Structures are given as structure tokens and as C-alpha cells.
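Peer 1: Okay, here's the prediction I keep looking at, along with the sequence it came from:
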Amino acid sequence: MVAWLAGLVCTLLPGPFVDATTPAPVLLISFVGTGVAMATTVAVLTGLGLRRILATGARVRSSAAAQR
């Protein structure tokens, strides 16, 4: 959930800087760029979280096996 909230910030960034008079190519570039930034942010944060969860699970399993 944190990853999506951080990604949402990236998506909303160009909003205050564009209006009805903004040329279409500038609009396209700005929103495509922020879309890529959002996707990258979500992917990186999700990957880091997954690695942390998997590492914690591996430590729990190895300590449980050592106690047997």
C-alpha cells in the first residue's frame, strides 16, 4: 500500500503545471514521464518489501530448524 501511495504522488505531480492551454505533446510527455516514474517507484518499493519479507521468513525457518 505504501508503494502505491508513493507512486500516486508521482502521478499527480504534473497536474498543477498543465492546463487547457498546454500543448498536446508537452502533456503527453509529462504524463508518460510521470507514469514511468510511478511504475518504477511502485516496482522498486514492492521489490524491497518482498525481499524484506522473504528474508525475514528465511530467518524464522532457519532458527526454527536449529531449535529442533
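Peer 2: Nice, I can see it.

Peer 1: which one's the longest helix in this protein?
Peer 2: Under DSSP state H, the helix in the chain containing the largest number of residues is helix 24-67.

Peer 1: So which other helices or strands are in contact with that one?
Peer 2: When contacts are defined as 3 or more Cβ pairs under 8 Å, 6 or more residues apart in numbering; DSSP states H and E, helix 24-67 packs onto helix 2-12. Backbone N, C-alpha and C define where each C-beta goes, glycine included.

Peer 1: Next, Thr22: secondary structure please.
Peer 2: Per DSSP: H, G, I helix; E, B strand; the rest coil, the local secondary structure of Thr22 is coil.

Peer 1: Figure out how far the longest helix of the chain is from the centre of its chain.
Peer 2: With Cα atoms, centre = their mean, to the nearest Å as the basis, helix 24-67 stands 6 Å off its chain's centre.

Peer 1: Contacts only, for the most centrally placed residue in the chain.
Peer 2: The centroid of the chain falls nearest to Val42 when counting by Cα atoms, centre = their mean (1.5 Å). For Val42, the contacting residues are Ala3, Trp4, Ala6, Gly7, by Cβ atoms under 8 Å, 6 or more residues apart in numbering.

Peer 1: before we move on, back to that, pLDDT averaged over the longest helix of the chain, what's the number?
Peer 2: Mean pLDDT, helix 24-67: 85.

Peer 1: Which among the contacts of Val42 count as buried?
Peer 2: By neighbour count, with 16 or more other Cβ atoms under 10 Å, the contacts of Val42 hold Ala3, Gly7 as buried.

Peer 1: burial count for the nearest residue to Ala37 once chain neighbours are set aside?
Peer 2: Spatial nearest neighbour of Ala37, chain neighbours left out: Cys10 (4.3 Å); criterion: Cβ to Cβ, 6 or more residues apart in numbering. Close neighbours of Cys10, defined as other Cβ atoms under 10 Å, add up to 18.

Peer 1: any idea how far Cys10 lies from Ala20?
Peer 2: Going from Cys10 to Ala20 by Cβ to Cβ, to the nearest Å gives 23 Å.

Peer 1: Kindly report the same for Leu5.
Peer 2: According to Cβ to Cβ, Leu5 and Ala20 sit 29 Å apart.
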